[in-house]
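Asks: What follows is a predicted structure for the sequence shown.
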Amino acid sequence: MFLVSCLKITIFLVFLLGLVDYIYCDNSKTVEINKWSLISSSNINVEGRNGREISKRYFDDNEWYTVTTPSTLMGGLVENNVYENLYYGTNLQSVDSEQFDVPWWYRTTFNLSSLFSGIDVDDTVRITFKGINYRANIWLNGKQIADNITVVGTFRYFDFDITDFVNLSQDNVIAIEITRPIDNWSP
């Protein structure tokens, strides 16, 4: 099938999140989105702890960390002064590893019509995740577009057609719940 135009959203996730590019295929225009919000699921109230709510426009993420990508989860925490001078002396030992036993959420808002002139309802919108580590539930505008059974593995690429989920003229919200691998192996 020939598409008159297409829009490709590329997201690079490195445990937990990295680079985000929007690529408009017809004119090769690329816009980098590198501002995300980040929070541990243990810091979200019980009512709002699901992707359906977190990926809606009205959800308040003002208390979340602001992270610049590309970045790892630890990089985001260092950027927000949760940990300082990690590689000095024994400072790395002060990191509580149990905080990573729960899922962490990334969230961002973007508006396609303000990023790309000429986008219309005939355009196909795809999202590509590069380097998710390790499992992810992905939500867009209150709808789950992928689950942690589909999105699993170390630094794999995942591509989804999100045309039916994206708003062309309003803000869109992506929420990504990332979990690390669980080692259930025992000798």
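Replies: Thanks, I have it.
Asks: Quick check: what element follows the longest helix along the chain along the chain?
Replies: In the chain, assigned by DSSP state H, the helix with the most residues is helix 73-79. Per DSSP states H and E, the first helix or strand lying C-terminal to helix 73-79 is strand 104-111.
Asks: CA atoms of that following strand as PDB?
Replies: Extracted as PDB, the C-alpha positions of strand 104-111 are listed here (Å, rounded to 0.1, in the frame of the first residue of the first chain):
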ATOM      1  CA  TRP A 104       8.600   3.100  37.100                       C
ATOM      2  CA  TRP A 105       6.500   5.400  34.900                       C
ATOM      3  CA  TYR A 106       7.600   7.700  32.100                       C
ATOM      4  CA  ARG A 107       5.100  10.200  30.700                       C
ATOM      5  CA  THR A 108       5.200  12.900  28.100                       C
ATOM      6  CA  THR A 109       2.800  15.100  26.100                       C
ATOM      7  CA  PHE A 110       3.100  16.000  22.500                       C
ATOM      8  CA  ASN A 111       1.000  17.800  19.900                       C
END
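Asks: which residues touch it?
Replies: Contacts with strand 104-111, where a contact means Cβ atoms under 8 Å, 6 or more residues apart in numbering, come from 13, 16-17, 20, 22, 33, 35-41, 44, 54-55, 57, 59, 61, 64, 67, 73, 169-179. Any C-beta I mention is one placed from the backbone N, CA and C, and that applies to glycine too.
Asks: Report the next helix or strand after it in sequence order.
Replies: Next along from strand 104-111, by DSSP H and E: helix 112-115.
Asks: Give me the buried positions along that following helix.
Replies: residue 112 (16 or more other Cβ atoms under 10 Å).
Asks: now that helix, how far from the chain's geometric center?
Replies: Helix 112-115 sits 19 Å away from the centroid of its parent chain (Cα atoms, centre = their mean, to the nearest Å).
Asks: pLDDT weak spots in the chain?
Replies: Along the chain, segments meeting pLDDT under 70 span 1-33, 48, 116-118, 183-187.
Asks: Just the contacts of strand 104-111: which are in strands?
Replies: If you go by DSSP state E, the contacts of strand 104-111 have 16-17, 20, 22, 35-40, 67, 171-179 in strands.
Asks: Quick one: residues contacting residue 51.
Replies: 137, 138, 139, 144, 175, 177.
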